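J.: here is a sequence together with a model predicted from it:
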Amino acid sequence: MALLTVEHLTMKFGGLVAVNDFDLALEKNEIVGLIGPNGAGKTTVFNMIAGYYTPTEGAIRYQGSSIAGQKANRITKAGIARTFQNIRLFSELSVIENVMIGYHCRIRSTFLGATLRFPLYRREEKMMVEGAMQLLKEVGLEDVAREMSTSLPYGKQRRLEIARALATGPQLLLLDEPAAGMNPNETQDLLQLILKLRKDFDLTVFLIEHDMKFVMEICERLKVLDYGTTIAEGTPHEIQNNPRVIEAYLGEVQRA
Ligand SMILES: Nc1ncnc2c1ncn2[C@@H]1O[C@H](COP(=O)(O)OP(=O)(O)OP(=O)(O)O)[C@@H](O)[C@H]1O
Ligand SMILES: [Mg+2]
């Protein structure tokens, strides 16, 4: 059984059909890419899967259960984590505290228990600090754990977002333009990091990205959206040679 199945997914904003009849089946441990021009509907697909938008039509099944229209925090608890195209870190918190935020969906302590520092909270806090530090090591940020998150350069902020997503304990990771703003060296490091994380955390990865070198190298399969509609799907090799994709998107990327 596929880990995630999406059928006939459609999202309308007033008269605009942002995503039209989108289908997807993700098998466990795959790395699948979603590409297409600006405004094609890629982030909208993520927002529906992750519970930020309720689809106008269509079904989303995760590990066999329907999740379409459920709240984001419930979907996170079920095992789907995401990063954001526009980085969303808590600017007033340190690097490690940003990762600890990710743990909050997993702990049992109540707000009152935390405020009064009940024994359960103290145990859970210890677990969160140790776990967060371990995740920072995984993404190569252990040296900057106590710095303010916004003092980090852009590439490191993107990796911090990944660490925070991992803190929620996902099986499926959705990455929205993880290489955006990175230089070629950082992008290559990110590629290796994602492969390592897949192995270490037994992850399935669905990612959006405009960096075609990165996408073609890391993804086993690709889907191409244009004006909300899937115009192609296949292996990177098939997509690179698809005339319709070249016309709608790749030609433009290659000219840029
Ligand atoms: N909340 C919303 N309300 C109205 N329109 C929206 C909303 N979210 C997205 N859209 C519109 O839906 C279309 C698809 O947007 P989306 O952000 O999914 O594109 P994208 O493929 O992620 O593009 P990019 O590569 O620029 O990030 C766009 O026309 C966008 O303006
Ligand atoms: Mg987007």
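T.: Nice, thanks for sending it over. The structure displayed is predicted, hence computed values, not measured ones. Ligands and ions are numbered 1, 2, ... in the order given.
J.: tell me which parts of the chain are close to ligand 2?
T.: Residues of the chain lying near ligand 2 by CB under 5 Å from the ion: 42, 43, 85. To be clear about C-beta, it is placed using only N, CA and C from the backbone, and glycine gets the same treatment.
J.: and the last one, how many neighbours?
T.: The reference is to residue 85. 15 (other CB atoms under 10 Å).
J.: can you pull the contacts of residue 237?
T.: Under the criterion of CB atoms under 8 Å, 6 or more residues apart in numbering, residue 237 has no contact partners.
J.: what helix or strand does it sit in?
T.: Applying DSSP states H and E as the criterion places residue 237 in helix 236-240.
J.: residue 216 against residue 238, yeah?
T.: No. Checked against CB atoms under 8 Å, the pair residue 216 and residue 238 is beyond contact range at 10.9 Å.
J.: check which helices and strands the helix or strand where residue 158 lies is in contact with.
T.: Secondary structure assigned from DSSP H and E places residue 158 in helix 154-167. The contact analysis (3 or more CB pairs under 8 Å, 6 or more residues apart in numbering; DSSP states H and E) places helix 154-167 against strand 80-82, helix 95-103, helix 119-138, strand 172-176, helix 184-201.
J.: per-stretch mean pLDDT over the ones you listed, give me the minimum one.
T.: Among the helices and strands packed on helix 154-167, helix 119-138 has the lowest mean pLDDT, at a mean of 86.
J.: can you tell me how far the closest residue to residue 96 other than its chain neighbours is from ligand 1?
T.: Excluding the flanking residues, the one nearest residue 96 by CB to CB, 6 or more residues apart in numbering is residue 145, at 4.3 Å. In this structure, residue 145 and ligand 1 are 31 Å apart, going by CB to the nearest ligand atom, to the nearest Å.
J.: quick check on residue 145: phi, psi?
T.: Per-residue torsions, residue 145: phi -50, psi -40 (degrees, to the nearest 10).
J.: count of residues packed around it?
T.: The number of residues near residue 145, taken as other CB under 10 Å, comes to 16.
J.: ok, it touching residue 133?
T.: Yes. Under the criterion of CB under 8 Å, residue 145 makes contact with residue 133 at 6.4 Å.
J.: joint contacts of these two?
T.: By CB under 8 Å, 6+ apart, the residues touching both residue 145 and residue 133 are residue 96.
J.: how far does stretch 92-100 sit from the chain's center?
T.: Distance of stretch 92-100 from the chain centroid (CA atoms, centre = their mean, to the nearest Å) equals 19 Å.
J.: brain fart, stretch 130-146
T.: Distance, centroid of stretch 130-146 to centroid of chain: 19 Å (CA atoms, centre = their mean).
J.: hey, C-alpha coordinates of that stretch in PDB?
T.: Presented in PDB, the C-alpha positions along stretch 130-146 are these (Å, rounded to 0.1, in the frame of the first residue of the first chain):
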ATOM      1  CA  GLU A 130      18.700  16.100  24.100                       C
ATOM      2  CA  GLY A 131      16.600  15.200  21.100                       C
ATOM      3  CA  ALA A 132      16.900  18.700  19.600                       C
ATOM      4  CA  MET A 133      20.700  18.700  20.100                       C
ATOM      5  CA  GLN A 134      20.800  15.300  18.300                       C
ATOM      6  CA  LEU A 135      18.800  16.700  15.400                       C
ATOM      7  CA  LEU A 136      21.100  19.800  15.200                       C
ATOM      8  CA  LYS A 137      24.000  17.400  14.900                       C
ATOM      9  CA  GLU A 138      22.200  15.500  12.100                       C
ATOM     10  CA  VAL A 139      21.900  18.700  10.100                       C
ATOM     11  CA  GLY A 140      25.300  20.100  11.000                       C
ATOM     12  CA  LEU A 141      24.100  23.000  13.200                       C
ATOM     13  CA  GLU A 142      25.300  21.800  16.700                       C
ATOM     14  CA  ASP A 143      27.900  24.600  16.900                       C
ATOM     15  CA  VAL A 144      25.300  27.300  16.600                       C
ATOM     16  CA  ALA A 145      22.600  25.800  18.900                       C
ATOM     17  CA  ARG A 146      22.500  28.800  21.300                       C
END
